[in-house]
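J.: the sequence isn't on hand, but the structure is:
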């Protein structure tokens, strides 16, 4: 083989390996697609809604139900369940999704739910500089109010990851940092029964429950929601907003 042919052959192999490596890097480094890229399964049934009871006694105290990462394709079904049980919840929404689905923001507000700040596109806020943090929070505030909701007063940092800079920028925008006390891990693909059990086994007065309406696994969360609500009420808890 001539030097020229050999050089071209080696170059071809190198380019092929580079392309393969790049493809693997994309697969490994790219985050999973969110639910917005997929089609929602219909998991709310008439029987599920007809079985709903609306009593909401507080013999043991309040528990706040919260949902992250929406609004998205499973949000309408979450709202159907909440409406049937006359439950108000707190939605920590992403700015880019609020801008893309303002109708769902308006639907959340119309039902008496709170719509709060969860950053623009879900970064680790503590890893950003001050200007980037300010943009993430301020742009989300603007998207939410442009959709017709009151200006948020709460910020739930993605992953619960915050810092003194994040807290300071939040305060400048009139936002109070809030996290959760019960993590259902519903985004991990858990079964509906396991999601519900994680709430009912840990609930105490003042609990703040973290669930998700904006991930691909949110169908299971919708299925678990009636059991969560009924179970809390049977135990003497009433469902409440995160600020109640």
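T.: Ah, there it is. Being a predicted model, the structure only gives us computed values, none of them experimental. Numbering: from 1, shown residues only.
J.: name the nearest residue to residue 180, ignoring sequence neighbours.
T.: Closest residue to residue 180 apart from its sequence neighbours, by CB to CB, 6 or more residues apart in numbering: residue 210 at 3.8 Å. C-beta here means a position set from N, CA and C on the backbone, and glycine is covered the same way.
J.: what do you get for residue 49?
T.: Closest residue to residue 49 apart from its sequence neighbours, by CB to CB, 6+ apart: residue 84 at 4.4 Å.
J.: helices or strands up against the helix or strand where the one you found lies?
T.: Taking DSSP states H and E as the definition, residue 84 sits inside helix 75-85. When contacts are defined as 3 or more CB pairs under 8 Å, 6 or more residues apart in numbering; DSSP states H and E, helix 75-85 sits against helix 46-50, strand 61-70, helix 102-110, helix 218-234.
J.: which residues does it contact?
T.: By CB atoms under 8 Å, 6 or more residues apart in numbering, the surrounding residues in contact with helix 75-85 are 40, 42-44, 48-49, 52-54, 67, 70, 87-89, 91, 101, 104, 107-108, 111, 113, 213-214, 218, 221-222, 225-226, 229, 239.
J.: and the helix or strand following that helix, what does it pack onto?
T.: Sequence order places strand 90-93 as the next helix or strand after helix 75-85, per DSSP H and E. Packed against strand 90-93 by the contact rule (3+ CB pairs under 8 Å, 6+ apart) you find strand 61-70, strand 114-117.
J.: quick one: the most centrally placed residue in the chain from residue 221, how far?
T.: Taking CA atoms, centre = their mean, the centroid of the chain lies closest to residue 68, which sits 2.0 Å from it. Residue 68 sits 10 Å away from residue 221, going by CB to CB, to the nearest Å.
J.: which residues are in contact with both of those two?
T.: With contacts taken as CB under 8 Å, 6+ apart, residue 68 and residue 221 have 211-213 as neighbours in common.
J.: re the thing from before, the residue nearest to residue 180 against residue 182, yeah?
T.: Yes: taking contacts as CB atoms under 8 Å, residue 210 lies within contact range of residue 182: 6.6 Å.
J.: so which of these two has more stuff around it?
T.: Set side by side, residue 210 and residue 182 show more neighbours around residue 210, with 23 against 20, by other CB atoms under 10 Å.
J.: pretty sure the more buried one sits in a strand.
T.: Yes: membership of residue 210 in a strand is supported by DSSP: H, G, I helix; E, B strand; the rest coil.
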